[in-house]
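[1] below are the sequence and a predicted model; questions follow.
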Amino acid sequence: MGVPFVATVARSWGEVSTRKRVTSASPSNIFIRRTLYTVPPSLHAPPKATFYRKGLKRGSAVVVTNVASSVPPRAQEDNAEVSESEAAAEAKLRSRLSAEVYGIPSAEWLKLQTPARYLGNERGAVHKPWDSATVRFALTYPEIYEVGASNLGHIVLYTVLNKRDGLLCDRSYMPAPDMQALLEKHQKPLFAVESKRSLADFDTLGFSLAYELGTTNILQMLHLSGIPVERTEREEPEDTPWDVENGSSPLIFAGGPTATSNPEPFSDFFDFIALGDGEDLLPEIGECLKQCKKDRLNRTETLARLGSEVAGVYVPQFYDLAPGFGGAVFPIREGMPGRIRRRVAFPDPFNQIGLVPYVSTVHDRLTIEIRRGCTRGCRFCQPGMLTRPARDVDPDKVVEAVEQGMRSTGYNEFSLLSLSCSDYLALPAVGLEIKNRLKGENVSLSLPSQRVDRFDESIANIISGGARKSGLTFAPEAGTQRMRDIINKGLTNEELLRGIKTAWDMGWYQVKLYFMIGLPGETDADVVGIVETVNWLQQECRRGRKHLQVSLTVSNFTPKPHTPFQWHTVSSAEFDRKHELLRAAFKAANLYGVKFNITPQKISAMEDFIGRGDRRLGRVIKKAWENGAENDAWWYNTDEAHAAWGRAIAECGLDWKYREMEDGEWNVLEKLGDTRYRKQGGGGKGRIDRGALADERLKAPLPWDHINTGISKTWLATDLQKALEEATVPDCAHSGLCSECGVCGDDFGDNVVAEVPQIPAFKGHYEPDHRRTQRMRVRFGKHDTMVYIGHLDLVHVFERALRRAAIPVSQDNSPYHSRPRINVAMPLSLGATSDSEILEVELTEKMPVAEFKERLAEQLPSDLPLFDVEALEAIRLNGAVAESAAALLSGIEWYIAVTVTPSASVVAAPAEEVSQEEVDRVDAEASQQDSSSAPAIPDFEEMMAKFSANALAAKEVVIEKVSKKKKKLRRVDVRPLLEDIRPCSASEAAATPLGFYHQPEHNTLVLYVKGVAQGQAQSMTPELTTKMLEKASGGEWVFEVVALHRHHIALRELSRIKPNHIWIKNLVRKEGFIALNNKFGTKLDETRRPPAKGLGH
């Protein structure tokens, strides 16, 4: 699980069976750092279910039985003074706190890194009733939550599906390794985050396949769900209607750019593939499945109806390879189209205002798509070829969507998204209009990689200012003009310098640049040209000793299907040679302020191997997954991942060159062309010189020929010829010159270029308002699922809620990144509940308390209730800032549920002396113990009362602490921090949220602890409480925390101030001027003696 773990199985107090301590490198994130508590068997009986067991080989047949876990027992209510309604409310709260999450004890969830990933409680989550839908989708993203939850396509499809009556859409993400281990431990299948239902309960699972190496994550998710990974294993008898509720397997499909470009390597795993844009396609699939279920079609006929009636659906089982056709497939069932057309949809920016996660994500901002498709014609770019035609979103809609989205989400940053934002000609006007409208708010705009030739002062103005200054990323792609012409980049040296120089003059002293090597026709001079280009830019962007800082990324070109370079061949050996050439050139140039990173060629080899493969790759992908290839997309271990793929290829009887796409030559066209023209960057200067054999190779079938992207294969070959002749092709969307690629027409539509509005006058950047007019002190609670939200994420929740509520919050004085003045008095441990948290917010304008409370409460989740709001003065009479609640801390009260075990049970051998076999054996013994087998400690409550009294009677309690910075050991007396400690009675414990845990018969009870809080550093904590009790017991017992509830935080009064006579004198003087003006109506001159600093602020 990645944390220290101790469990005890006691048969008698004289004979104790101990589980050895096994320590992992991952840090614990629970309250007790020394020992991590696991709920005793008496509180949570082990689940009775069958699932993946330890040692089960990936891909093995598994029987999954979903059995509802038993409800843990509750402490009986015996407080007669509590009313029936209050008792019901308390019981509901206790049941929330003590209930298992997905059949797993909440204490185990708290061991996870970022447990909030799996809650599904984001703002904007739909939570449709399960029985309200006929067809239930689960959008399953094969990366961790922080990546998937910020993916725009994921958000859009989730929104679109849930808008349809009769359709339900939930979400699931690739669980982190600690969550995978937890699911295996409790024999639970992977689930959807909102409904907490197994993925096997949904009608269809839709995986996003945006990267070739992400397929192994998909197989792992299916495996964790108990769903067979291969589609042939999910087949059913022809006389059985397809019905998931009666035992059928869900329909598994994939979408995304990788699945659309070449689905064949993945066809063994998916029942169907959704090609192209999904906004219209997925609802049509849902409606078709509704009718199929109504007609009680079997699985095969259901898929046949999808493939024949829904445009854009490719069903691999109805297609097969034809011998001698280079991996190409053809339909084998009547009614299936020979070529499947990808779908094209028009983006709706209002569908992109969706989820607001409670944890920080990779792209933690609002993202609005302004343009879909690209007609620039970069010959290496697969997205540009797969998304034609270009479709501009109406500028007015973009402005409205951003303004509405910022108000409804509370984000302080937004991004305008497109393959090439600079080609959205309305960008300067739209960006400045948004900046003008949001000028009074601390928001900033970021743009993805943009064209350097379109960067000007207008774009600079819209991405600067606000919460933070956005970084700049440009992609020249090649180091020489010749190579940029070959790839049709459409960028000259003069345009490159002008854009970088504009950024330098506007205050950007660091830029990111992207280049590629391995392009067709590239020579060593082109590779060295990257270094020369960077050196030239630094020389031109210099001011004294200060010059441009460059962060450089050099990637390896990987040919992609449906591009003019799809026939090109790359060589791993040549990549290695050019990497060394590039490193040597940078070393020789001795450039200062340049950081460069080169993508490992092994990653590129794996991408190319899969991306241009055929159906034979299915068994290789599965074998690689079984060999441990997982999370390859994030390059966790390049060498290990490459070795796993290499073993899989060999075991399947193939090799890296199985399609003869890599045959030892740098460029396949050089080999096929006239020998007189070899090594000249393309094998010839004309079609005849290249040779007839090359033309035949270009006409040969390819594994992805059955996917109709709209672009003619003949046009791709012609464009390749133009590349070899260093000829460029203009952008048809803006030049008016059609390149005759074949896309435009009835099936795919035409280019849509928005009318460019007039660029408004720029009203200036946001100016932070530092006034501190009023301070609001808020007391709030933290209940239910919000206990899994960490402290920093909780602060972000309040920041966004205050923005949504349009409350004027004061900003701090930071010159670089001004933040709102929001302070929490005392951070709360992850997993703890509270009814007395204190938050202070400083305002620039005075507000009525009732209005502030009402507006803020409307924007907070129900698990963060507001109990009280108090208005305070932010500036005292002497002009000083009033002390914050954190500085006024004086006392704290806790309810702490603890369990007690004999000290002998925590004596463990060193971790390295414990074999895994021994740990598994003790695990098995522990799981077989009956929940009632652990004997109760005699006179347990009396013993706890005695230990509590001993702790109070002690004159000093010295513990050892290690300083965080210098790591020095020091001894500290913590006894002065304790004011009171006592065990709660059954009735008192029942009145607290921890009443469930008060079970003395199982050696667990609730303690009341009152202590001193001397700021955040010196305060009475649950950890100190357990250490005091251990010392009070003479070291014979070990106390571990089960649950926490912070009952109260006490604050002292503000300290008395010494009068500032000068400040008071000026205040009286100013009031005197005001009085004279009011009486005589004469404007008196106040400029001769201005008021003291602080007045009016």
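    Happy to help now that I have it.
[2] who touches residue 940 in this structure?
    Residues touching residue 940, when contacts are defined by Cβ atoms under 8 Å, 6 or more residues apart in numbering, comprise 900, 1000-1001, 1003, 1005. In this view, the C-beta of every residue, glycine as well, is placed from N, C-alpha and C.
[3] how about residue 775?
    The contact partners of residue 775, taken as Cβ under 8 Å, 6+ apart, are 840-843, 871-874, 882.
[4] where are the low-confidence patches of the protein?
    Scanning the chain for pLDDT under 70 picks out the ranges 1-99, 465-469, 632-636, 657-695, 904-934, 964-966, 1015-1017, 1059-1060, 1063, 1081-1097.
[5] once you drop chain neighbours, what's closest to residue 410?
    Using Cβ to Cβ, 6 or more residues apart in numbering and skipping residues adjacent in sequence, the residue nearest residue 410 is residue 800, 2.9 Å away.
[6] that neighbour: what secondary structure?
    helix (DSSP: H, G, I helix; E, B strand; the rest coil).
[7] count of neighbours near it?
    Counted with other Cβ atoms under 10 Å, residues neighbouring residue 800 total 19.
[8] chain neighbours aside, what residue packs nearest to the residue positioned nearest the centre of the chain?
    Among the residues of the chain, the smallest C-alpha distance to the mean C-alpha position (Cα atoms, centre = their mean) belongs to residue 146, namely 1.2 Å. Take residue 146 and drop its neighbours on the chain: the residue closest to it by Cβ to Cβ, 6+ apart is residue 361, 4.7 Å away.
[9] the closest residue to residue 133 other than its chain neighbours: how many residues sit nearby?
    Leaving out its chain neighbours, the residue that sits closest to residue 133 by Cβ to Cβ, 6+ apart is residue 168, at 3.4 Å. The local packing count at residue 168 equals 26, with neighbours defined by other Cβ under 10 Å.
[10] returning to what we had before: what's the most distant pair in the contacts of residue 940?
    The most widely separated members of these, counting by Cβ to Cβ, are 900 and 1001 (12.6 Å).
[11] more neighbours: the two, which one.
    residue 900 (20 against 12).
[12] go ahead and confirm the more buried one touches residue 1042.
    No. With contacts defined as Cβ atoms under 8 Å, residue 900 does not count as touching residue 1042, sitting 10.6 Å away.
[13] identify the contacts common to those two.
    Counting by Cβ under 8 Å, 6+ apart, the common neighbours of residue 900 and residue 1042 are residue 1004.
[14] hmm, back to that, for the residue nearest to residue 410, which residues are in contact?
    356, 409-411, 859.
[15] how about 10 Å then?
    Under the criterion of Cβ atoms under 10 Å, 6 or more residues apart in numbering, the neighbours of residue 800 are 123, 356, 358, 409-412, 859-860.
[16] can you select the buried ones among these for me in PyMOL?
    Only the buried members of the contacts of residue 800 end up in this PyMOL selection, burial being decided by 16 or more other Cβ atoms under 10 Å:
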select buried, resi 123+356+358+409+410+411+412+859+860
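[17] among the contacts of residue 800, which are located in helices?
    When these are checked against helices using DSSP state H, the ones located there are residue 409.
[18] ok, so of the contacts of residue 800, who is nearest residue 1067?
    Using Cβ to Cβ, residue 412 comes nearest to residue 1067 of the contacts of residue 800, at 36.0 Å.
[19] distance of the closest one from residue 845?
    19 Å (Cβ to Cβ, to the nearest Å).
[20] picking that back up, number of residues surrounding the residue nearest to residue 146?
    Residue 361 has 18 nearby residues by other Cβ under 10 Å.
[21] what does residue 294 give?
    Using other Cβ under 10 Å as the criterion, residue 294 is surrounded by 9 other residues.
[22] wait, what's in contact with it?
    For residue 294, the contacting residues are residue 134, by Cβ under 10 Å, 6+ apart.
[23] cutoff 8 Å now
    Neighbouring residues of residue 294 by Cβ under 8 Å, 6+ apart: there are none.
[24] distance of it from residue 239?
    The value you get for residue 294 to residue 239, if Cβ to Cβ is used, is 18 Å.
[25] go on, residue 585?
    Applying Cβ to Cβ, the value for residue 585 to residue 239 is 69 Å.
[26] so which of the two has more stuff around it?
    Neighbours were counted for residue 585 and for residue 239 using other Cβ under 10 Å; residue 585 has more, 19 against 6.
[27] so that one touches residue 528, yeah?
    Yes. The pair residue 585 and residue 528 qualifies as a contact (Cβ under 8 Å) at a distance of 4.9 Å.
[28] which helix or which strand is home to residue 815?
    Applying DSSP states H and E as the criterion places residue 815 outside every helix and strand.
[29] for it, give its distance to residue 238.
    Using Cβ to Cβ, one gets 72 Å for the distance from residue 815 to residue 238.
[30] which elements pack onto the helix or strand hosting the residue nearest to residue 133?
    Residue 168 is part of strand 167-173 when elements are defined by DSSP H and E. If you count contacts as 3 or more Cβ pairs under 8 Å, 6 or more residues apart in numbering; DSSP states H and E, strand 167-173 packs onto strand 135-141, helix 145-148, helix 152-162.
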